[in-house]
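J.: My questions concern the predicted model and sequence given below.
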Amino acid sequence: MAEYRYRDALRRALYEEMKADERVFIMGEDVGAYGGAYQVTVGLLAEFGEERVRDTPLSEAIIVGAALGAAMVGGRPVAEIMYVDFAALAMDQIVNQAAKIHYMFGGQFRVPMVLRTQQGTGRGAGAQHSQSLESWFVHVPGLKVIAPATPRDAYGLLRAAIHDDNPVIFLEHKGLYAVKGEVEDEPFVLPIGQAEVKRQGQDVTIITYSRMLGLALEVAEQLTSQGVSAEVVDLRTLKPLDYATLEESARKTRRVVVLHEAVKIGGLGAEISAELSQRLFGVLAAPIVRIGAEDVPLPANLELEKLVIPDAQRLTAAVEAVMRYQPMPTNGA
Amino acid sequence: MTTADLKAKGYAAQLSAETLLDMYWFMLLSRRLDERAWVLHRQGKIAFHVSAIGHEATQVAAAFAIQRGVDFVYPYYRDLAMVLALGVTPRDFMFSVYGKQGELSSGGRQMPSHWSARHLNIVTQSAVVASQVPQAAGTAFAIQYRQKLGLVDPRDPSKPRLALTCLGEGSTSQGDWHEGMNWAGVHKLPFICLVQNNQYAISVPFELQSAVPNVADRAAAYGVPGVVVDGNDVLAVYDVMREAVLRAYNGDGPTLVEAKTYRPVPHSSDDDDRSYRSREEVEEWKRRDPILRYTEFLMAEGLLTQHTIAEYEDQARQVVDEAQREAEAAPYPPAEAALSAVYAPLE
């Protein structure tokens, strides 16, 4: 066991995969000598050379389109889009092309492609560098979507993504790169599509992912002083969603709060809330509550930014609300 | 009738009589299949057709210039003659327009004429125009990557040595075209972009797509050769394409080829071209029909006679009839096909 920063765990995964399989290569803006905008690919150019660690032009359609073209003929590209916001420039290649190739052509061509990018707030980077756009991708059949919160998950899931024969959108969080965590020394791969209970509890389930995991764990700890035992489930993979784990936890606690940094409206919380409500309508003790960002572009000013994304106060209030909830008395009761 | 104006120059002068007649056959077969599809559409038997009529010379010449079935091709939806020359069969075409079970490209999941054939290294094509250009450049990169890592011998003709992609002139207004061309130029990729300039993007004429008279003029911006060729002259296209192919094989980088041609039929079965061009213009181009011109050349060379032409026509009719019969008799894909193959299974 050793302690890794999130970015170093990612780099370890890239390094091990490139060592093991010469079909694996990296492409993106500033991934070479510069080492990536968030220093994930530092040192890989020196280790593997410019064929396998390729700086691209400022050209998102070529990053995704060329990765796709290489993947279809046997390459295993790990392409980097510097900010998820810039994926908008390549959405045709992601949504209309990569996601649909396997289906539209009857399984003739596989797309073993990973698209690494990072999203989220925390650096005052403004409305065009800070969004959380996972719902765009989750809505598209043919894609897989991963959003790890810890160095261990980042390592094990990036390796799984590179092994997968489908296009995987790998969403890192810019606020997590320096976060440290334990990662086993022995190489391992984590399964795509499995949520993990990161904290056991009895009274309420907080479902979350990516950087909001930290907030959920912090609030869960504080809630013990109020006698509330909160379970925290980290989705890790956003598509496919692990409803079995979510349902098991919700069935136990009977109370659910879904927390994400993305805008609340149209967010993943709505999907999870609807599905669990349907599955557990008679079981839940309170309506599921969602917490997400306000429906505004993200302000660059850090103080303003904090105002529009979920915080401890709002999460605590949401948990207290589902704990307090009393159903309306029925007629004749 | 025009005068026989084709000349076998350069690489085209080296083609054998047998190859010249093979090329004729694929041009003729494509035309007759294509014409049948229009009839089937008007009869209400098929839902959609997008035509290659008028483009046969360019497409067959390009196919014959590469290592057919080995080099990677990203055609576009108008490339019927090209894919036939690459090994797609008339049956495949009929199954495609009918959307029947066992359809080659997609098992009935994709629109007709959006070709994909793994066994022929025909990769795929999109209904979103120009998106194939970055992908084909990526495939060219994968070829170069394997060669540089020493995983394949760059002189081995049994391995893919280039990626060829096709598109219409309207598609060159898309950003993806620029991004693909730029990347191919920067890395001197074994890549050929063949623009089939038929002068209209549905109804919009080329002068509203481009401020320069030729798409090929833009090649200079990517540091690659740009060549304009008469797209209705199968021998001229072969000569130009063969040079581009050898450049790619020799590691000298990409080529942009612009074949000037004309589409004497509507863009697709959904379009009525009378709203945007005169009948006189269409009739004028029909006199420059690529099959007509090539037939005259072959007759002047003594390779075709009225008698052998009739034999080719008979054979084409039989093949088209048989393909249509098979497709009509075949079942539709099972309902499960709609829900399967979204993801690649674990190996």
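T.: Looks like it arrived, so ask away.

J.: which residues in the stretch 101-250 of chain A form helices?
T.: In the stretch 101-250 of chain A, the segments counted as helices under DSSP state H, counting those that start in this stretch are A:101-104, A:134-138, A:151-163, A:212-223, A:243-253.

J.: With respect to A:Gly122, which of those helices lies nearest?
T.: Counting by Cβ to Cβ, A:Gly122 lies closest to helix A:212-223 out of these; the figure is 10.9 Å. For glycine as for every other residue, the C-beta is placed from the backbone atoms N, C-alpha and C.

J.: where along the stretch 101-250 of chain B do the strands fall?
T.: Counting by DSSP state E, counting those that start in this stretch, the segments of the stretch 101-250 of chain B that form strands are B:163-168, B:191-197, B:200-201, B:204-205, B:226-230.

J.: Tell me which of these lies nearest to B:Ala338.
T.: B:Ala338 sits nearest to strand B:163-168 of all those, at 29.6 Å, using Cβ to Cβ.

J.: How about the closest one and chain A, touching?
T.: Yes - part of strand B:163-168 sits near chain A under the criterion Cβ under 8 Å from any Cβ of the partner chain, namely B:Ala163.

J.: That strand pairs with which strands, and in what direction?
T.: Paired with strand B:163-168 in the same sheet, following DSSP bridges, are strand B:72-74 (parallel), strand B:191-197 (parallel).

J.: I'd assumed A:Val145 was in contact with A:Pro238.
T.: No, residue A:238 isn't Pro; it's Leu. Yes - because the distance of 4.2 Å satisfies Cβ atoms under 8 Å, A:Leu238 is recorded as touching A:Val145.

J.: which neighbours do those two share?
T.: Between them, A:Leu238 and A:Val145 share these contacting residues under Cβ atoms under 8 Å, 6 or more residues apart in numbering or on different chains: A:134, A:137-138, A:171.

J.: Tell me which two in those residues are the farthest apart.
T.: With Cβ to Cβ as the measure, no two of the shared contacts of A:Leu238 and A:Val145 lie farther apart than A:Val138 and A:Leu171, at 10.2 Å.

J.: Neighbours of the nearest residue to B:Pro90 once chain neighbours are set aside, how many?
T.: For B:Pro90, the nearest residue in space outside its immediate sequence neighbours is B:Ala323; the separation is 3.9 Å by Cβ to Cβ, 6 or more residues apart in numbering or on different chains. Using other Cβ atoms under 10 Å in any protein chain shown as the criterion, B:Ala323 is surrounded by 20 other residues.

J.: Would you format the strands of the stretch 101-250 of chain B as JSON lines with mean neighbour count and distance to B:Arg263 included?
T.: Formatted as JSON lines, the entries for the strands of the stretch 101-250 of chain B read as follows, by neighbours: other Cβ atoms under 10 Å in any protein chain shown; distance: least, Cβ to Cβ, whole Å:
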{"stretch": "strand B:163-168", "mean neighbour count": "29", "distance to B:Arg263": "9"}
{"stretch": "strand B:191-197", "mean neighbour count": "28", "distance to B:Arg263": "9"}
{"stretch": "strand B:200-201", "mean neighbour count": "20", "distance to B:Arg263": "7"}
{"stretch": "strand B:204-205", "mean neighbour count": "14", "distance to B:Arg263": "12"}
{"stretch": "strand B:226-230", "mean neighbour count": "20", "distance to B:Arg263": "15"}
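
J.: export those to a markdown table and tack on mean pLDDT?
T.: Rendered in a markdown table, the data for the strands of the stretch 101-250 of chain B read as follows (pLDDT from 0 to 100):
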| stretch | mean pLDDT |
| --- | --- |
| strand B:163-168 | 98 |
| strand B:191-197 | 98 |
| strand B:200-201 | 94 |
| strand B:204-205 | 94 |
| strand B:226-230 | 98 |
